[in-house]
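Student: Sharing a model that was predicted from the sequence below.
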Amino acid sequence: MELSDCIERQFSGASQWSEASIEEALRGIPELRELASPLATDPEAGHAYGRNVVYADERIEAIVVHLPPGAATAVHDHGRSVGCAIVLEGRMTNETYRVEASGKARRIETATHEAGQWMRSPAGVVHRMRNDGAERLVSLHVYAPPLRGMRRYDAETER
Ligand code: FE
């Protein structure tokens, strides 16, 4: 079965999803990493990373993200969505930020996630993902509701 069919089946039961129930549903897909990893796409011209929407309906959206070595996303939020992700290949550096009164984002935490590890994005999280390794970083992300109204932030200069 293809990944999109597996996701459709696993998420057919409910209209509302939390980051925890998303993780539980994804964990129910056998061979998840083997199914999702080949769906990574190269970055399009002018983009730092590849982004392949592998499933979307009115409740959820699933995206395979590919960050080549040295690549990073912008500092961003997920609008009103919550999410859950699993690292499929490589190692992810995930920076979490707090938005200051000035509107600038200040980094408050840095975590690394190896292949096979899960991460959850609660409502309102502001973060950036980096690939500091020599191998490509591929991860699968599921958001509920589908991403809309994401915002980018300028990071405060760190000293
Ligand atoms: Fe994100």
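Tutor: Looks like it came in fine. Numbering: from 1, shown residues only.

Student: drop to CA atoms for contacts and neighbour counts, all remaining ones
Tutor: Fine.

Student: For the residue nearest in space to the middle of the chain, list the residues it contacts.
Tutor: Averaging the C-alpha coordinates of the chain gives a centre point, and the residue nearest to it by Cα atoms, centre = their mean is residue 141 (4.0 Å). If a contact means Cα atoms under 8 Å, 6 or more residues apart in numbering, then residue 141 has 62, 63, 64, 65, 83, 84, 85, 86 as its contacts.

Student: Just the element for residue 143, please.
Tutor: Using DSSP states H and E, the element containing residue 143 is strand 137-144.

Student: Using PDB, list the CA coordinates for that strand.
Tutor: The C-alpha coordinates for strand 137-144 follow below in PDB (Å, rounded to 0.1, in the frame of the first residue of the first chain):
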ATOM      1  CA  LEU A 137      17.800  15.000   6.500                       C
ATOM      2  CA  VAL A 138      14.400  13.600   5.600                       C
ATOM      3  CA  SER A 139      11.300  13.900   7.900                       C
ATOM      4  CA  LEU A 140       7.600  13.300   7.700                       C
ATOM      5  CA  HIS A 141       5.300  15.900   9.200                       C
ATOM      6  CA  VAL A 142       1.500  15.700   9.800                       C
ATOM      7  CA  TYR A 143      -0.400  18.800  10.700                       C
ATOM      8  CA  ALA A 144      -4.000  19.300  11.800                       C
END
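
Student: Just give the strands next to the helix or strand just after it in its sheet, each with its orientation.
Tutor: Note on strand 137-144: by DSSP H and E, the next helix or strand toward the C-terminus is strand 152-153. Using DSSP bridges, the strands paired with strand 152-153 in its sheet are strand 75-76 (antiparallel).
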